[in-house]
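Chemist: sequence? don't have it. structure:
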């Protein structure tokens, strides 16, 4: 049974992970503002503060350098969502891992085994931490992560930049970015799929941010905020910003997305959820082409086409007379 966290840092079974992660290329430079309590980073335009570059190089750790060194090729793996939805358990994940190895997919580069929505209890514990489903993940997420790593696989997990995740069966990470990022790191997570449901309470979270966060939230929020939180754990965690470009409005609310996405996300979506059928597959290609110039893909930053629909009921559209 997964024990409730009292302090994720104190509970880490291994030593501090190697701190060689960092955020993506930025058009803004983070510097630190010292106080009597906790150092709080502030986003400042590099062009307005050229002298701060020297301070940056001297005082900031590698975790806020230009790139996190991950996903030099597109991340590939398997997720349970398109085949089982909310019916997910540690047994299912282990069976999928075995199948990926047996079928040679791991040798072909498919290494991520991803758990999607519905993996946690409805409520957080008394210390504000996510609690894995006691019925479906009785061995705990740290144990499952260790199992996947022992097979040469990577551990993927899911959350949302909202009060709840998209199926409303478990809490989202809105307002708990730092806690959840550290929890994922302690569990050995290698890949985070971060959705965008139930974000209506974001304004309330910002008002409470001095109490919740050990750093100042970046000016473009939600997804970059989780990027910062993941980065500060010191663990290399590939970050998928799972929201389609068609939902963004670059000129009204930068928090919903924008050209900054390649600076904070290892991968991102430019289309809706995958569905079986040839027409749906073409729509993903269309979305990719439409925004290829605005946010180009390349090493460390990729347009993510969601999922290949293989074996999920049908692989092409059937037209009846």
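Modeler: Looks like it arrived, so ask away. Remember, predicted model here, so these are calculated numbers, not experimental data.
Chemist: May I have the beta-bridge partners of the spatially closest residue to residue 170 that is not a sequence neighbour?
Modeler: Nearest non-adjacent residue to residue 170, counting by C-beta to C-beta, 6 or more residues apart in numbering: residue 120, 3.9 Å away. Every residue, glycine included, has its C-beta placed from N, CA and C. Beta-bridge pairing for residue 120 (DSSP bridges): residue 132.
Chemist: pretty sure residue 160 contacts residue 192?
Modeler: No. In this structure, residue 160 is not within contact of residue 192 by C-beta atoms under 8 Å, at 10.7 Å.
Chemist: Endpoints of stretch 135-145, how far apart?
Modeler: End-to-end distance of stretch 135-145 (C-alpha to C-alpha, to the nearest Å): 17 Å.
Chemist: SS state for residue 68?
Modeler: coil (DSSP: H, G, I helix; E, B strand; the rest coil).
Chemist: what about it, neighbour count?
Modeler: Number of residues near residue 68 (other C-beta atoms under 10 Å) recorded here: 22.
Chemist: same check, this time on residue 163
Modeler: For residue 163, using other C-beta under 10 Å, the count is 20.
Chemist: again with residue 127
Modeler: 11.
Chemist: same question, residue 85
Modeler: If we define neighbours as other C-beta under 10 Å, then residue 85 has 12 of them.
Chemist: Return the residues in contact with it.
Modeler: Contacts for residue 85 (C-beta atoms under 8 Å, 6 or more residues apart in numbering) come out as 116-118.
Chemist: and which of those residues is nearest residue 175?
Modeler: For these, the minimum distance to residue 175 (C-beta to C-beta) is 18.6 Å, reached by residue 117.
Chemist: Go ahead and list the helix or strand containing that closest one.
Modeler: Taking DSSP states H and E as the definition, one finds residue 117 inside no helix or strand.
Chemist: Likewise for residue 113?
Modeler: Here residue 113 is assigned to strand 112-114, by DSSP H and E.
Chemist: Identify the residues contacting the spatially closest residue to residue 205 that is not a sequence neighbour.
Modeler: Using C-beta to C-beta, 6+ apart and skipping residues adjacent in sequence, the residue nearest residue 205 is residue 175, 4.1 Å away. Residue 175 makes contact with 163, 201, 205, 208, 212, according to C-beta under 8 Å, 6+ apart.
Chemist: ok, residue 175 to residue 116 distance?
Modeler: Between residue 175 and residue 116 the computed distance is 22 Å (C-beta to C-beta, to the nearest Å).
Chemist: What of residue 285?
Modeler: From residue 285 over to residue 116 (counting by C-beta to C-beta), the distance is 23 Å.
Chemist: Local confidence estimate at the residue nearest to residue 170?
Modeler: pLDDT for residue 120: 98.
Chemist: Show the contacting residues for residue 166.
Modeler: Contacts of residue 166 by C-beta under 8 Å, 6+ apart are 117, 160, 195, 197-198.
Chemist: nope, residue 84 is what I meant
Modeler: residue 92.
Chemist: Where does pLDDT dip in the stretch 101-250 of the chain?
Modeler: 212-220, 244-250 (pLDDT under 70).
Chemist: related to what we said a few turns ago, show me what the strand holding residue 113 pairs with in its sheet, parallel or antiparallel.
Modeler: Strand 112-114 has these strand partners (DSSP bridges): strand 77-79 (parallel), strand 154-160 (parallel).
Chemist: Just put the ones you listed in a markdown table and tack on distance to residue 130 and mean neighbour count.
Modeler: Below are these laid out as a markdown table (distance: least, C-beta to C-beta, whole Å; neighbours: other C-beta atoms under 10 Å):
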| stretch | distance to residue 130 | mean neighbour count |
| --- | --- | --- |
| strand 77-79 | 19 | 21 |
| strand 154-160 | 8 | 26 |
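Chemist: Rebuild those strands as TSV, extending it with distance to residue 273.
Modeler: Formatted as TSV, the strands paired with strand 112-114 follow (distance: least, C-beta to C-beta, whole Å):
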stretch	distance to residue 273
strand 77-79	12
strand 154-160	13
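Chemist: For residue 128, find the nearest of these.
Modeler: Across the strands paired with strand 112-114, closest to residue 128 is strand 154-160 (C-beta to C-beta), at 13.9 Å.
Chemist: re the thing from before, quick one: which of the contacts of residue 175 is nearest to residue 240?
Modeler: residue 163 (20.3 Å).
Chemist: one step back: please produce CSV containing the contacts of residue 175, extended by secondary structure and distance to residue 305.
Modeler: Shown next, in CSV, are the contacts of residue 175 (DSSP: H, G, I helix; E, B strand; the rest coil; distance: C-beta to C-beta, whole Å):
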residue, secondary structure, distance to residue 305
163, coil, 28
201, coil, 30
205, helix, 31
208, coil, 36
212, helix, 34
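Chemist: No further questions, thank you.
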